[in-house]
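Colleague: please work out how this folds:
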Amino acid sequence: MSKFLLPLFAVFIFVSAAVAQNGKVFTVKKADAGLRLMKNPECMTVVKKNKPSSVKKIQLADNQKILGPYDTDDIAGKGNGLGLPNLAGNITIATLIDIDYAMKFNGGKVVSMRYGVTEPAQVNRVFIKALKNGNSWVDLVSENVSGTSAVGWNTVTLATPYTLDMTGIDVLLMGFEYVQSNANNGQTYNAECYPLSMAGPASPSFIYGNYGDGLGWYNIGSESYGSLSVQAVVESDSYPKTDIILGALTTDFYNKVGDRLAYSFSLKNFGTVVPKEYTVNVSIDGSVVKTFNTPISFSASSSATVSDDITLPAALALGKHTLTVAVDKIDGTVPTVNTGDDSDEAVFTVYGETFKRSKQLVEHFTSNSCTYCPIGDRMLEALAAKRSDIARVSVHGIMNPSVIDPYNSADCDKIMVLEELTGYPSASFNRICFDSKNEDGYSMVKGLGYNEIYKDQVAEMFSGWIDDNNAKYPAFATVNVSAIYDPEAGKLNVKVVGDGVEKFSDFMGEDAKLSVYLVEDGLISRQLNNGTWVTKFTHNCVLRKCVTSVTGDVINWNGNSYENDYSVKWTSSWKHENMRVVAFISRPLDSESLEDKYVTNVEMVNVQNATGVSKPFADGNGIYEVSRYTVGGTRLAAPRKGINIVKMSNGETRKVVVRQ
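Modeller: Numbers count the residues shown, from 1 in each chain. Here you go, the predicted model:
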């Protein structure tokens, strides 16, 4: 019997967002509760997922093409759907269509639409909506659907085909209206609650209605899973004879000097004629470094991904560079029409010096009213038993609005919103996103709702994933921490010091931040566990306070070294012997993109009582300690056992032996 990832009923407050297309925008409304897309909990297990249902491939005429968020027959299999089970009733859902791509279909005739579902569902209508001239929504296509939709793709033939006129259209949405079943207030589950298929590349989807901030479109977080399975069949006699679409260029952002640069990109034949040959150029900062001659052989309307790697030029400077891949010629001729999608580019960084990573930040999302959250604890305990470098911070939320979690705070809520949490128990690892090919889709947060018998395999999986990403995201700074509790002053004094690589901002940005969290072990309070309330449950690694801003503070650099100092008023309920400080340097948590919040290095230390703690070194002549280092040159925030190199205020350097 698998253990399930439970849905999140905590109140989310989303910032209004403007979704841009072709220089125009439309506002995505605020949401006040329950508007995160949820995964079928039956999928949350380490055993293999159900295979996609067998679907009949759509048959297209020679003059027909697919317009949609993606144009393949990909679809989520039965049992692998998503839904909005705490918003039961009629739901209008739509996905964003790339406006530049849609322009290729201008003048074509929409003859049918199709949508995919993972469970039998009642779909009432399919539609294509357009925002025209920036101020009004209109239905370009609206066709009623009758009967229960079958699992897989369902095709709706339009009674009156629509000739697509893109004049004045700023934003294009494609979707359908369906009936959302409820999940009995989240306590039991029904597969029919999760009928939505998400597949292909990620694109945002929205629902329409009044969900707390007036009538409008609300974001449901679909980017974590792919695109809504909805498409239109458009026929035209004016499709170009030759046209290749190039896109989806990806490469590792960080690349070490001397390594090979791996990258991939997609190619699609949009022309009515299959090209016999074509060339594609690969450039770095505008200089061609490689030319492909017909990397894939097309069939009509076919697409494929090209993967390759190249040696970085020896003279390439450290820092950021631009990789460009572009169609050069088709059948010996340079393209002159429809060239807007003939190329794509990606930024990458070349680095040299790095530091050893001290710890791994694991932010654990839990709630006392989450019945399976104790399993999440045990999953992370298994990970900590496997490796000694885990710096865990347990962030508590409110799952059941009628049950108060004593360890929830406004800081906790903000962290969960900015990491786009979708359920408990779950965790993020160094704030690095899981790849889109992962079962959780494009997401920073990974569910921990696995069957407990798999905890060792889960720990192995997470440990391997951490190691893989440590290679992709190097440590460009050190982090050293001292945390001294002064009972007489009633304060906790925290010092964070370290060194950065030369030109640190070239690798982590001018806006990289330092975050400091205070956590506590051994807190006793009740916890729902497998349907039963445990009155004396031990909660560990609990986030007690964000010493810095939740999104991080400015790093106080002095050359290639930094020092940040904090004084925190002590709370009487804290027990210093159970307290730890976790400090880390990262991209800002409030960055717009989930990909842009990763952590470069972390340290965690125990809080020490001021009594018996080594004081900064000084002599009787007014000369005092300025900074302290290991023999290897790493700056220290406090004395460390062994040989310390101490720089004094008169410029002298002394070697000091610390014995405890």
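Colleague: so the chain: which segments form each domain?
Modeller: 6-235, 244-351, 360-609, 625-658 (automatic domain parsing).
Colleague: in CSV: these, plus mean pLDDT.
Modeller: Formatted as CSV, those follow (pLDDT from 0 to 100):
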stretch, mean pLDDT
domain 6-235, 79
domain 244-351, 89
domain 360-609, 91
domain 625-658, 81
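Colleague: can I get these in JSON lines including mean neighbour count?
Modeller: No exception for glycine: its C-beta is placed from N, CA and C like everyone else's. Output for those, formatted as JSON lines (neighbours: other Cβ atoms under 10 Å):
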{"stretch": "domain 6-235", "mean neighbour count": "19"}
{"stretch": "domain 244-351", "mean neighbour count": "15"}
{"stretch": "domain 360-609", "mean neighbour count": "19"}
{"stretch": "domain 625-658", "mean neighbour count": "15"}
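Colleague: bridged to T251, which residues?
Modeller: When assigned by DSSP bridges, T251 has beta-bridge partners Y263.
Colleague: wouldn't it be in contact with A346 here?
Modeller: Yes. Assessed by Cβ atoms under 8 Å, T251 is found in contact with A346 at 5.2 Å.
Colleague: now do the shared contacts for these two.
Modeller: Taking Cβ atoms under 8 Å, 6 or more residues apart in numbering as the criterion, T251 and A346 both touch Y263, L323.
Colleague: grab the longest helix from this structure for me.
Modeller: Secondary structure of the chain read by DSSP state H shows that its longest helix is helix 455-472.
Colleague: strands paired with the helix or strand following that one, and their directions?
Modeller: Toward the C-terminal end, the helix or strand that comes next after helix 455-472 (DSSP states H and E) is strand 480-486. Sheet pairing here is set by DSSP bridges, and for strand 480-486 it gives strand 491-499 (antiparallel), strand 608-609 (parallel).
Colleague: and those as JSON lines, adding distance to F292?
Modeller: Shown next, in JSON lines, are the strands paired with strand 480-486 (distance: least, Cβ to Cβ, whole Å):
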{"stretch": "strand 491-499", "distance to F292": "43"}
{"stretch": "strand 608-609", "distance to F292": "60"}
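Colleague: R544 is nearest to which of these?
Modeller: Between R544 and the strands paired with strand 480-486, the shortest gap by Cβ to Cβ is with strand 491-499, which sits at 10.5 Å.
Colleague: so which strand or helix has I415?
Modeller: Judged by DSSP H and E, I415 forms part of helix 410-418.
Colleague: so which elements touch that helix?
Modeller: Using 3 or more Cβ pairs under 8 Å, 6 or more residues apart in numbering; DSSP states H and E, the elements in contact with helix 410-418 are strand 390-396, strand 542-546.
Colleague: which of the ones you listed sits closest to N80?
Modeller: Distance to N80, taken as Cβ to Cβ, is lowest for strand 390-396 among the helices and strands packed on helix 410-418, at 27.8 Å.
Colleague: can you show me the helices along this structure?
Modeller: Assigned by DSSP H, the helices in the chain fall at 99-103, 373-386, 410-418, 455-472, 504-508.
Colleague: right, so of the strands paired with strand 480-486, which gets closest to P69?
Modeller: Smallest distance to P69 across the strands paired with strand 480-486 (Cβ to Cβ): 43.8 Å, for strand 491-499.
Colleague: contacts for the closest one?
Modeller: With Cβ under 8 Å, 6+ apart as the criterion, strand 491-499 contacts 355, 477-486, 514, 516, 518, 547, 560-570, 579, 581, 583, 585, 601, 607, 627, 633-638.
Colleague: now the helices and strands packed on helix 410-418 in a markdown table, with distance to D468?
Modeller: A markdown table is the format used below for these (distance: least, Cβ to Cβ, whole Å):
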| stretch | distance to D468 |
| --- | --- |
| strand 390-396 | 16 |
| strand 542-546 | 27 |
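Colleague: wait, which of those strands is closest to S236?
Modeller: Comparing the helices and strands packed on helix 410-418 by their distance to S236 (Cβ to Cβ), the top pick is strand 390-396, with 51.9 Å.
Colleague: could you dump the closest one to PDB, C-alpha only?
Modeller: Output in PDB follows, covering the C-alpha atoms of strand 390-396 (Å, rounded to 0.1, in the frame of the first residue of the first chain):
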ATOM      1  CA  ILE A 390      23.000  17.400   5.300                       C
ATOM      2  CA  ALA A 391      21.900  20.800   6.700                       C
ATOM      3  CA  ARG A 392      18.200  20.300   7.200                       C
ATOM      4  CA  VAL A 393      15.600  23.000   7.900                       C
ATOM      5  CA  SER A 394      12.000  21.900   8.600                       C
ATOM      6  CA  VAL A 395       9.600  24.500   7.300                       C
ATOM      7  CA  HIS A 396       6.100  24.000   8.900                       C
END
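Colleague: okay, how far is it across stretch 144-160, tip to tip?
Modeller: Using Cα to Cα, to the nearest Å, the end-to-end distance of stretch 144-160 comes to 12 Å.
Colleague: and stretch 62-78, by the same measure?
Modeller: 31 Å.
Colleague: what of stretch 64-81?
Modeller: End-to-end distance for stretch 64-81: 29 Å, by Cα to Cα.
Colleague: figure out how far it is from the centre of its chain.
Modeller: 22 Å (Cα atoms, centre = their mean, to the nearest Å).
Colleague: same thing with stretch 527-538?
Modeller: Here stretch 527-538 shows a centroid-to-chain-centroid distance of 31 Å under the convention Cα atoms, centre = their mean.
Colleague: before we move on, what about stretch 463-480?
Modeller: Counting by Cα atoms, centre = their mean, stretch 463-480 is centred 17 Å from the centre of its parent chain.
Colleague: switch to numbering from 51
Modeller: Yep, numbering from 51; the last one is stretch 513-530 now.
Colleague: wait, what's in contact with G369?
Modeller: Taking Cβ under 8 Å, 6+ apart, we find G369 in contact with T399, V400, K553, D556, F557.
Colleague: I should have written A111 there, sorry.
Modeller: With Cβ under 8 Å, 6+ apart, A111 has these contacts: E285.
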